[in-house]
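Visitor: Provided below are the primary sequence and the corresponding predicted coordinates.
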There are 2 protein chains.
Amino acid sequence: MAKLKGNLLYGQSGGPTSVINASAFGVIDEARNQSEFIEEIIIMRHGIQGALNEDFIFVNQQNEEDIQLLKHTPGSAFGSVRYKLPDFREDDTNYLRLLYIFKKYNIRYFLYNGGNDSMDTCSKIADYFDHINYECYIIGVPKTIDNDLPFTDHTPGFGSAAKFIANTMMEISYDMLAYPNGKVTIVEIMGRHAGWLTASSAIANLSGFGPDLIYLPEIPFSIEKFKKEVSEIYRKKKQCLIAVSEGLANEEGIFISSSSGLKDAFGHFQLGGVASKLATTVSADLGIPSRSVEFGSTQRAASHIQSLTDVEEAIEVGRQAVIAAIEKHTNLMVVMHRASEGPYAITYKLHALNQCANTEKKVLKSMINAKGNGITKEFIDYVLPLIQGENTPVFKNGIQQFSKMK
Amino acid sequence: MAKLKGNLLYGQSGGPTSVINASAFGVIDEARNQSEFIEEIIIMRHGIQGALNEDFIFVNQQNEEDIQLLKHTPGSAFGSVRYKLPDFREDDTNYLRLLYIFKKYNIRYFLYNGGNDSMDTCSKIADYFDHINYECYIIGVPKTIDNDLPFTDHTPGFGSAAKFIANTMMEISYDMLAYPNGKVTIVEIMGRHAGWLTASSAIANLSGFGPDLIYLPEIPFSIEKFKKEVSEIYRKKKQCLIAVSEGLANEEGIFISSSSGLKDAFGHFQLGGVASKLATTVSADLGIPSRSVEFGSTQRAASHIQSLTDVEEAIEVGRQAVIAAIEKHTNLMVVMHRASEGPYAITYKLHALNQCANTEKKVLKSMINAKGNGITKEFIDYVLPLIQGENTPVFKNGIQQFSKMK
């Protein structure tokens, strides 16, 4: 097989995770090892939009310190984007532009780091280049805190978010114990359709301090059942800690957080998450003091409490993508296969991109308890290896150091 | 001066901090050193309520591991309480009960760990014992994330909360940069009357990633001025990160978070913080996408990112309280004096309890910028030493280990 020498183009897309930049480090570091195949490493700013706009970062112009700091930097260090390419058979404007840019920069390896939608983009570009016979090897690098990509044991980003959530739930739980007569505390966790992150709050219970009730979007949510379960626990314990997915919906599929069509004192329609709505319900209908906590973007950006396992795997999926590309694989995503449970071991494989795109992997029924308000041991066995080890932050002056690419 | 031998009683009161248990460790460890004076170390459950109910934890019955873990355990490991004692001249019921208990257990040293209200309790008990001539040495051990105790440079608990806030604001800021067209993100930080914690969000800016606007309760809040300032920044940067104190109030002193008297779809009065109200205002009035984040109790309970300086000082105020008591000082609180700026150095002194109680120390005018929407270098110079060093958590299986006292 003839060796192909050219440049590598990498980009990030979709919601950030605290370790997506560790994957960028893996790509960069492995690509530098493969200088027989890869001349220059070019990074798109704001994903595919950067390619269309010729808005690039050149790795060989960066400080090594900033490259190393990618392993500790949350967010998308190169910018992200949410941009859906049309089918090239219907509208090839973007594709012609990409072809021009790819040829201009001699891009022969294209790696795209993202979730469901990003894999869709990646697959469409691969199909187009195949169609017009432009030789370019295209590999998807998985990431998402939501852990909802199919055909992979889990996704980089999930473990670190789960570790933040588990540890923070422990802290909230211990903090609640301060008072003999406590409150109902409802914590809202990310996950519109898949409850993996919310389920991870259960890890906290291994310490003896964690949520009493966990509600996932996989189970239709009933407010009446919820009120009954909360008041039972509150009667016994005089407090109750609850984890809810932002995407809770009722039997009809209507989000609990849906706007009530109500205006506030400023005359505005009310925003508001599911936790704050449920806290209001508990206070008003049950007469129990209640409050809500929303982690918001902290849960996906908490670089200060990353899982070392997650960081190492994020780096490795980046490396594996480079290796797959130079071996002339294309239109595939790197997936993780759990080769062994004890000790936990992961092997890296490849899976057809179009199958990875646009499908959401939900929490398995066998991981949810019969009452639909908690999880089973099967889930704990699954998730626990993913949060192991600490990637100690690089602190300077009491605050973390992040990468600053130009 | 005749040596007094007896037992020591310790308790926690008011809102927890992530290092109040480090002060408990300091008390226990120093009291064990002072066995010439102190026979037994007894801890009240739920503060003064535990003394009234004879609900005690005996330190000599605990595992050493649990005692050491106090340095890493958030919340109030022995339970807290919010209980205001009446003046003993008006109603001495509680005091007679306390006297009975103190005599029964031969309590000669009493240390109470808390904020403003707790120092009030402490002072009243000292006054009563002085009045009836019961020999007992009573010392207040300061704590509060709010940093609003007077006569002390700062309070244990503040530095760790400030460190969590600064690092989390950096993470949120970096995360926001992912998209070319961002949002307005409004983060609500604890502090009803004093803005020390909200001001600490500014530390994040030292990294290049932090809040654009900071609003403290010390400055009357104008919604019109706020909207103007937000839209100016958003026009330039296409995003805006804002830190607000939960206690923002307008010129008339009315909290911005005050209930609007509005009911939601469930027919309930609406709860809701200032950040969510302001986010709604930004979205509706300025037409800019906006979201809110509330740290809630995570900011005071984040044991996973404690400041080592704060932990060490929390231990030391506990030790100093024991030493003051056995030296027959009473009706005083341990205060911290900044003896030097470069290098930062603290000396420990004592101050009259009744002066420390019921007064709130606010952010100095000279620490707030002229526009009232940010802080000055004076504040950074003040706060930065307080977040230095890391008290690496004791992780096991990916989650922290907390003390479990019986």
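Guide: Okay, I see it.
Visitor: return the distance of residue A:304 relative to chain B.
Guide: To chain B, residue A:304 is 5 Å away according to Cβ to the nearest Cβ, to the nearest Å. C-beta here means a position set from N, CA and C on the backbone, and glycine is covered the same way.
Visitor: my read: that residue touches residue B:174, true?
Guide: No. Using Cβ atoms under 8 Å, residue A:304 is not in contact with residue B:174, being 11.8 Å away.
Visitor: what residues does the stretch 1-150 of chain A have near chain B?
Guide: Where the stretch 1-150 of chain A comes near chain B, counting by Cβ under 8 Å from any Cβ of the partner chain, the residues are A:12, A:15-16, A:18, A:46, A:49, A:73-76, A:79-82.
Visitor: identify the farthest-apart pair in these.
Guide: Distance extremes for those: the farthest pair is A:18 and A:49 at 22.8 Å, using Cβ to Cβ.
Visitor: the two: which is more packed in?
Guide: residue A:18 (35 against 18; other Cβ atoms under 10 Å in any protein chain shown).
Visitor: now do that one, the pLDDT please.
Guide: Residue A:18 carries a pLDDT score of 96 in this model.
Visitor: how about the contacts made by it?
Guide: Contact analysis of residue A:18 by Cβ atoms under 8 Å, 6 or more residues apart in numbering or on different chains lists A:74, A:157, A:160, A:161, A:164, A:300, A:301, A:302, A:303, A:306, B:171.
Visitor: can you pull the contacts of the last one?
Guide: Taking Cβ under 8 Å, 6+ apart, we find residue B:171 in contact with A:18, A:74, A:75, A:297, A:298, A:301, A:302, A:303, A:304, A:400.
Visitor: where does it land in three-state SS?
Guide: helix (DSSP: H, G, I helix; E, B strand; the rest coil).
Visitor: so what's it closest to, chain neighbours aside?
Guide: For residue B:171, ignoring the flanking residues on the chain, the nearest one in space by Cβ to Cβ, 6 or more residues apart in numbering or on different chains is residue A:301 at 3.9 Å.
Visitor: how near is that neighbour to residue A:20?
Guide: Residue A:301 is 11 Å from residue A:20, where distance means Cβ to Cβ, to the nearest Å.
Visitor: go on, residue A:250?
Guide: 33 Å.
Visitor: these two: which has the busier surroundings?
Guide: residue A:20 (33 against 13).
Visitor: wait, isn't the more buried one in contact with residue A:317?
Guide: No. Between residue A:20 and residue A:317 there is no contact under Cβ under 8 Å: 10.3 Å.
Visitor: overlap of the contact sets of those two?
Guide: Residues touching both residue A:20 and residue A:317 by Cβ under 8 Å, 6+ apart: residue A:156.
Visitor: follow-up on the earlier one: higher neighbour count, residue A:304 and residue B:174?
Guide: residue B:174 (29 against 26).
Visitor: that one touches residue B:208, doesn't it?
Guide: No. Under the criterion of Cβ under 8 Å, residue B:174 is not in contact with residue B:208, lying 9.1 Å apart.
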